[in-house]
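1. My questions are about this predicted structure, shown below with the sequence.
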Amino acid sequence: MEQSSLIKPVLGGAYPTISHGQGVFLYDKNGKDYLDASSGAVTANIGHGVQEIIEAMVKQAKQVSFVYRSQFTSDAAEKLAGKIAELTKGGLTYSFFVNSGSEATETALKIAIQHWQEKGKPKKQKIISRWMSYHGITMGALSMSGHPIRRERFTPLLESYPSVSPPYCYRCPLQLDQHTCGMACASELEASIRRIGSENIAAFIAEPVIGAAGGAIVPPDGYFQKLKKICEENDILFIADEVMTGFGRTGKMLASEYWDVEPDIVTLGKGMSGGYTPIAAAVMTKNVMEPMMKGSKSIIGGHTLSANPLSCAVSLAVLEYVERNELVEKSADRGNYLIRGLKKLAGKYSFIGDIRGKGLLIGVEFVLDKATKDPFPKDADVTNQIIELGMRNGILLYPAAAGLDGVTGAAIIISPPLTISEEDCAELLMRVDITFGQFNESIGKRSSQ
Ligand code: PMP
């Protein structure tokens, strides 16, 4: 049957058609099982087919699925905002609900600009972000993203937002040594602000752990504290994009907790509903919200389906599930287990250059040569080769963009649902080992030709 759903074809032309999912496994229509070691796009945080989420969904759908946000609020939306404030601490008391991570970061951008307008500083319009970042596919979000492959075709249409270097210590973009660099990449923010003028800058946005653009890149301790201080000193809001890292993915409720920094705005998505329904949010502190309450009395943003009760009820049920089943702690624990197992594989395969991450957001970067860290050539398309081999072996892995620009290394993300058992972690490592073994054989064959 021809596939006309416009999903990019892999495996020589066609995607398998999904039949159903249960726990950490997905099954296609031919009965083949796939261990969901990526949670889709780092989304299915509580696994598939969880009965109580389905029940919450049905219960809400029986009451009402949709109301328009400027006509009604709902118990589901109010309780969800309350739950987010409770779980994230840090005074993140106001949630603006949208439907995707891209919409959330785009909304955060607009909230930051509006915040300063209401405070009589309308020139503060620029957003500083980092190169090697991904904040979404819509134009505003893409303008803030340092993601060459996704920007390439649209570059003339994008806002020229300034960017600073990422804390990619494995291959420092500034060619410095991690132990003596004094975190020069963080100091770049200060230099950038001086050049542009803080009177023109609304916010700085960053992913606490860099996801899709780099493959679970964790900054050194002290890095985010330094950035936050620079933001405070210059009247610039700090937006933490926790769309991928939020709600336990990294072993903390929010990844920014690792460094004790309290963002002014946090964007959330993905694991917020575990993929059961589309929902995301830009969440802010009272300090950010107050000028808008006094001024326009509304946030200029929103979408038709924003805060629909069905998605809100599902998200609330997912977050309660995360809390009740202590999945944040489990994520930290299982993450350590997997990192230990992957490090063993690194001893076996010379093409594994770096293993990094926090909790169940783990990156594996591939190299031609471990000692020199030479990356594979771009046309080797290593990331996609490994993903495809994995799929054949019944394991779903997530491609990080690194490697496709021919400068950085190729990398994948391993990010199973936070519900994964130790037994399934062992199965995951076994399937990864088989996949890496086949890749090793294929590069061995190529080099001996
Ligand atoms: N921010 C981050 C950190 C992300 O990882 C993503 C998605 N990969 C987005 C924003 C965009 O989210 P969505 O795909 O739901 O629009």
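-> Nice, thanks for sending it over. Residues are numbered from 1 along each chain as shown.
2. tell me, what residue is most central in the protein?
-> By C-alpha atoms, centre = their mean, the chain has its centre lying nearest to residue 244, at 2.4 Å.
3. Report the contact partners of that residue.
-> Neighbour list for residue 244: 42, 101, 207, 209, 211-212, 270, 361 [criterion: C-beta atoms under 8 Å, 6 or more residues apart in numbering]. C-betas here are computed from N, CA, C, even on glycine.
4. tally of neighbours for the closest residue to residue 285 other than its chain neighbours?
-> Nearest residue to residue 285, sequence neighbours excluded (C-beta to C-beta, 6 or more residues apart in numbering): residue 91, at 4.7 Å. Residue crowding around residue 91 was assessed by other C-beta atoms under 10 Å; the count is 14.
5. for the one 3 residues further on, same thing?
-> As a burial measure, residue 94 scores 22 neighbours (other C-beta under 10 Å).
6. tell me the phi and psi of residue 22?
-> phi -150, psi 120 (degrees, to the nearest 10).
7. so what's it bridging to?
-> residue 25 (DSSP bridges).
8. For it, give me its contacts.
-> Contacts of residue 22 by C-beta under 8 Å, 6+ apart are 47-49.
9. Looking at the residue of the stretch 251-400 of the chain found nearest the ligand now. What's its pLDDT?
-> Nearest to the ligand, among the residues of the stretch 251-400 of the chain, is residue 269, at 4.8 Å (C-beta to the nearest ligand atom). Here the pLDDT value assigned to residue 269 is 98.
10. What's the separation between it and residue 220?
-> 26 Å (C-beta to C-beta, to the nearest Å).
11. quick one: which of the two has more around it?
-> residue 269 (27 against 16).
12. helix/strand/coil for residue 362?
-> Assigned by DSSP: H, G, I helix; E, B strand; the rest coil, the conformation of residue 362 is strand.
13. ok now do it, which residues does it touch?
-> 216, 335, 338-339, 342, 355-356, 413-415.
14. and the ligand, which of the residues you listed contact it?
-> Applying C-beta under 6 Å from any ligand atom, the subset of the contacts of residue 362 adjacent to the ligand is empty.
15. Filter these down to the ones in helices?
-> If you go by DSSP state H, the contacts of residue 362 have 335, 338-339, 342 in helices.
16. any idea which helix or strand carries residue 438?
-> helix 422-447 (DSSP states H and E).
17. helices or strands up against that helix?
-> strand 33-35, helix 327-348, helix 382-392 (3 or more C-beta pairs under 8 Å, 6 or more residues apart in numbering; DSSP states H and E).
18. Please identify the buried residues of the last one?
-> Which is helix 382-392. By neighbour count on 16 or more other C-beta atoms under 10 Å, the buried set for helix 382-392 is 382-383, 385-391.
19. picking up where we left off before, now restrict the contacts of residue 22 to buried residues only.
-> By 16+ other C-beta under 10 Å, the contacts of residue 22 give 47-48 as buried.
20. What residues does the stretch 1-150 of the chain have near the ligand?
-> Counting by C-beta under 6 Å from any ligand atom, the stretch 1-150 of the chain sits next to the ligand at 41, 100-102, 105, 134-137.
21. Helices of the stretch 51-200 of the chain, residue ranges please.
-> 51-63, 75-88, 101-118, 139-143, 148-151, 184-196 (DSSP state H, counting those that start in this stretch).
22. shaky segments in the chain?
-> For the chain, the stretches with pLDDT under 70 are 1-14, 402-407, 445-449.
23. count of neighbours near the closest residue to residue 301 other than its chain neighbours?
-> Counting by C-beta to C-beta, 6+ apart, the nearest residue to residue 301 once its immediate chain neighbours are dropped is residue 107, at 4.8 Å. If you count neighbours by other C-beta under 10 Å, residue 107 ends up with 27.
24. again with residue 367
-> Neighbours of residue 367 (other C-beta under 10 Å): 22.
25. who's in contact with it?
-> Residue 367 is in contact with 351-354, 373-376, 409, counting by C-beta under 8 Å, 6+ apart.
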